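[1] predicted model and sequence below, questions to follow.
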Amino acid sequence: MSWELLWALLLACALLYVGLQLVRFARADGDLTLLWAEWQGRRPEISNLKEKDILVLPLDLTDRGSHEVATKKVLQHFGQIDILVNNGGRSQRSLFEDTNLDVYKAIMELNFLGTISLTKCVLPHMIERKQGKIVTVSSILGLAAAPLASGYAASKHALHGFFNSLRCELVMHPEISITNICPGPVQSNIVHNAFTEEVSKKLENTGSQEYKMKTSRCVRLMLVAMANDLKEVWIAEQPYLSVCYIWQYAPTWAWWITSKLGRRRIENFKNGLDADSSYFRPLRKKTD
């Protein structure tokens, strides 16, 4: 075999490999580390729960005085807390110029301070026991930005800063892991309960859920992240996943893309439509 033919075969193989990776990335719904962990890492084990394994307690994240009481009730029932999943919060759909400052105060009280308060109640037990996982459901808006969600994005950025710093403070307690989960659009009721211009005002047009990631898939990837103690994961279908990478590695380009798409989002909102009705819609794949 001639050297020319050998090089041609090697080049063809290399191009084929790159092409396959591009196809995989185009179909990806999580960051590379997360998907690798799903393929090669520890698999989450879900066993059948019995009645004694379940305790449901009412909890108001804004009532910080009740968090210690709730923590003690859980410890009395189970004797230990292995994992704390911080998943409480509300989204936002309103322009800053029209939004009362009370809305921003309420968002930070709920999404940020409420989460920190509950974590502060649980963490001492984990330190004493020398074991535990703290998982916080943030958002890709904790990494990037979007119009109509300035307060929501601020609260998620705050969570990132706090839990990344807490992870550094727990360097003497490596047995306690901190995981930040950053989902994109997922089928849920979060938009139905979103803040608007006034604290008491409800969002009128909540739009369709069909284009969003299925809740079960998001939960599956969250469990993979927990089982493998990943520090931060991005869970989103394309093109949202690509936007995360652009924000990380080419922020100037990201701002250009956001400004173009953001204009459409604001126009939809002002016209009384679902803000996301055509936001990225041409690139989305439908979920079954």
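    Received the coordinates, thanks.
[2] mind checking how far the residue nearest in space to the middle of the chain is from S2?
    With distances taken as Cα atoms, centre = their mean, C182 lies nearest the centre of the chain, 2.4 Å away. C182 sits 51 Å away from S2, taking Cβ to Cβ, to the nearest Å as the criterion. C-beta: built from backbone N, CA, C; applies to glycine.
[3] run the chain-centre distance for the longest helix anywhere in the chain.
    Secondary structure of the chain per DSSP state H: the longest helix is helix 3-26. Relative to its parent chain, helix 3-26 has a centroid offset of 34 Å by Cα atoms, centre = their mean, to the nearest Å.
[4] averaged pLDDT, that helix. What do you get?
    Per-region confidence: helix 3-26 scores 73 on mean pLDDT.
[5] for the stretch 101-250 of the chain, which segments count as strands?
    Shown for the stretch 101-250 of the chain, the strands assigned by DSSP state E, counting those that start in this stretch span residues 132-137, 176-183, 232-235.
[6] name the residues that touch the shortest one?
    So the one you mean is strand 232-235. If you take Cβ atoms under 8 Å, 6 or more residues apart in numbering as the criterion, strand 232-235 is touched by 29-31, 33-34, 140, 143, 179-184, 186, 213, 218, 221-222, 225, 241, 244.
[7] again, 7 Å this time
    29-31, 34, 140, 180-184, 218, 221, 225, 241, 244 (Cβ atoms under 7 Å, 6 or more residues apart in numbering).
[8] kindly report the same for stretch 140-155.
    91-96, 103-104, 107-108, 111-112, 156-157, 159-160, 182-184, 195, 234, 236, 240, 243-244, 247, 254, 258, 262, 265-266, 269, 275.
[9] with just CA atoms, put it into CSV.
    Output of stretch 140-155 as CSV, limited to C-alpha atoms (Å, rounded to 0.1, in the frame of the first residue of the first chain):
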residue,chain,number,x,y,z
ILE,A,140,-28.8,27.6,32.4
LEU,A,141,-29.8,31.1,33.2
GLY,A,142,-27.4,30.8,36.1
LEU,A,143,-24.7,30.6,33.4
ALA,A,144,-26.2,32.8,30.7
ALA,A,145,-28.9,35.5,30.4
ALA,A,146,-32.2,36.2,28.7
PRO,A,147,-34.7,39.1,28.6
LEU,A,148,-37.8,39.0,30.8
ALA,A,149,-35.9,37.0,33.5
SER,A,150,-33.5,39.5,35.1
GLY,A,151,-34.5,38.7,38.7
TYR,A,152,-34.7,35.0,38.1
ALA,A,153,-31.2,34.9,36.4
ALA,A,154,-29.8,37.0,39.2
SER,A,155,-31.0,34.5,41.8
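[10] ok, now how distant is the closest residue to S66 other than its chain neighbours from H67?
    Spatial nearest neighbour of S66, chain neighbours left out: D60 (6.4 Å); criterion: Cβ to Cβ, 6 or more residues apart in numbering. For D60, the distance to H67 (Cβ to Cβ) stands at 9 Å.
[11] which one of the two has more residues nearby?
    Set D60 next to H67 and count neighbours by other Cβ atoms under 10 Å: H67 wins out with 19 against 13.
[12] okay, now the unreliable bits of this protein?
    Low-confidence segments of the chain, defined by pLDDT under 70, are located at 1, 17-18, 20-23, 46, 276-288.
[13] show me the helices in it, by range?
    3-26, 32-40, 67-78, 101-107, 114-129, 150-169, 215-227, 240-249, 251-270.
[14] possible to save these as JSON lines with distance to N205?
    Output for those, formatted as JSON lines (distance: least, Cβ to Cβ, whole Å):
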{"stretch": "helix 3-26", "distance to N205": "31"}
{"stretch": "helix 32-40", "distance to N205": "33"}
{"stretch": "helix 67-78", "distance to N205": "35"}
{"stretch": "helix 101-107", "distance to N205": "18"}
{"stretch": "helix 114-129", "distance to N205": "27"}
{"stretch": "helix 150-169", "distance to N205": "17"}
{"stretch": "helix 215-227", "distance to N205": "22"}
{"stretch": "helix 240-249", "distance to N205": "21"}
{"stretch": "helix 251-270", "distance to N205": "9"}
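[15] what's the closest of those helices to V199?
    helix 101-107 (5.2 Å; Cβ to Cβ).
[16] just give me how far that closest one sits from the chain centre.
    Averaging C-alpha positions (Cα atoms, centre = their mean) puts helix 101-107 21 Å from its chain's average.
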